[in-house]
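>>> Pasting the sequence and the predicted coordinates here, then a few questions.
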Amino acid sequence: MIKLRYLIPFVLLTALPVQAAERNDLQDRVQRLERLMESQSLMEMLTRIDRQQRELALVRGELEEVSHELESLKKRQRDLYLDTDRRLSRLEREGIPTAGVDARSQVGPDSETGTGAAKPEQGVKGPSTAELAAERQAYQEAFDILRELRYEQAIDAFENFLEQHPDGRYAHIAQYWLGEASYARRDFDKAITAYRALVDNHAKSPKVAEALLKIGYSYHELEQDGKARPVLEQLVNGYPGTTEADQAQNLLKRLGKQGG
């Protein structure tokens, strides 16, 4: 009995290191698991970051492509504006009557000079050289704004021009560009008003057919096809064989299918 009493403490003492070792081993295993979990979480986070970076690079590439296409489109639009302005200006120099009230009072080409310059009726005093230069300068300033695709400012500039030169040589061109700037801003009501003023007040302008087409397009955009049809029919009947008439005919066909 005495021997057993001495052995018990000895057994307990020898068991303590074993328990401590087991606890240490358990702690080590827990720590390894924690490190493994942290490592997995880190890997998952790195994977997500890598995926997001690749997606971001893809989006950035698409944005650059869209930006390039937009710049190309803007350049083509500016070139189109400039080409149209040059052709209209050439018509003015050749004396083709295009300017509303003044145009209706003009006669044919000057047979003496052969230049085709239109001349006013007998006794009607035309604008002076200085007045024409001032009008041209005001028009050019408004047109330059439009070429920069600053549509809202261009609208203001052309409206101011038309207030100052309602019957001027460039009035019909300014009226057309006012419609174009409004159409580009998708202000279709304002565009219709501008194009209609061109058709009504400058019937001999070479842009009447296009103005009628844009009126039809504008009504269609406003979902007012009942108003678009008669305008498009007017264009088809009044300007047969033109590109604008063909485009109007195509839209009329689409409207007919939608109506059916």
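Structure's in. What do you need?
>>> By mean pLDDT, point me to the weakest helix or strand of the chain.
Lowest by mean pLDDT, DSSP states H and E among the helices and strands of the chain is helix 100-104, with a mean of 37.
>>> Just the buried residues of the very next helix or strand once past that helix, please?
Remark: after helix 100-104, the chain's next helix or strand is helix 129-147, criterion DSSP states H and E. Buried residues in helix 129-147, counted by 16 or more other CB atoms under 10 Å: 135-136, 138-139, 142-143, 145-146. Any C-beta I mention is one placed from the backbone N, CA and C, and that applies to glycine too.
>>> what's helix 129-147 packed up against?
helix 2-93, helix 151-164, helix 171-184 (3 or more CB pairs under 8 Å, 6 or more residues apart in numbering; DSSP states H and E).
>>> Which parts of the second one count as buried, going by neighbours?
In this case it means helix 151-164. For helix 151-164, a neighbour-count test (16+ other CB under 10 Å) marks 151, 154-155, 157-159, 161-162 as buried.
>>> Let's have those in TSV, adding distance to E55 and pLDDT.
Output for the buried residues of helix 151-164, formatted as TSV (distance: CB to CB, whole Å; pLDDT from 0 to 100):
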residue	distance to E55	pLDDT
Y151	35	95
A154	39	96
I155	40	97
A157	44	97
F158	45	97
E159	47	97
F161	49	97
L162	51	97
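>>> Nearest to T129, out of these: which one, please.
Closest to T129 out of the buried residues of helix 151-164 is F161 (18.9 Å), distances taken as CB to CB.
>>> wait, what's in contact with the closest one?
138-139, 142, 170, 174 (CB atoms under 8 Å, 6 or more residues apart in numbering).
>>> quick one: it and L252, what's the gap?
Taking CB to CB, to the nearest Å as the measure, F161 falls 34 Å from L252.
>>> just L222 next, same as before
L222 sits 17 Å away from L252, going by CB to CB.
>>> ok, now D167?
Distance of D167 to L252, computed by CB to CB: 34 Å.
>>> Looking at these two, which one has more neighbours?
Neighbours were tallied for D167 and for L252 using other CB atoms under 10 Å; the higher tally belongs to L252 (18 against 15).
>>> is it true that the more buried one touches E233?
Yes: applying CB atoms under 8 Å as the test, L252 and E233 come out as touching, 7.0 Å apart.
>>> got any ranges where the stretch 51-200 of the chain has weak pLDDT?
Within the stretch 51-200 of the chain, the stretches with pLDDT under 70 are 54, 56-80, 82, 87-126.
>>> how about a cut-off of 80?
Scanning the stretch 51-200 of the chain for pLDDT under 80 picks out the ranges 51-127.
>>> Make TSV out of the buried residues of helix 151-164 and add distance to M37.
Conversion of those to TSV gives the following (distance: CB to CB, whole Å):
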residue	distance to M37
Y151	59
A154	63
I155	64
A157	67
F158	69
E159	70
F161	73
L162	75
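>>> of those, closest to Y81?
A154 (9.9 Å).
>>> So the closest one sits against W177, correct?
Yes: if you go by CB under 8 Å, A154 and W177 touch, sitting 7.1 Å apart.
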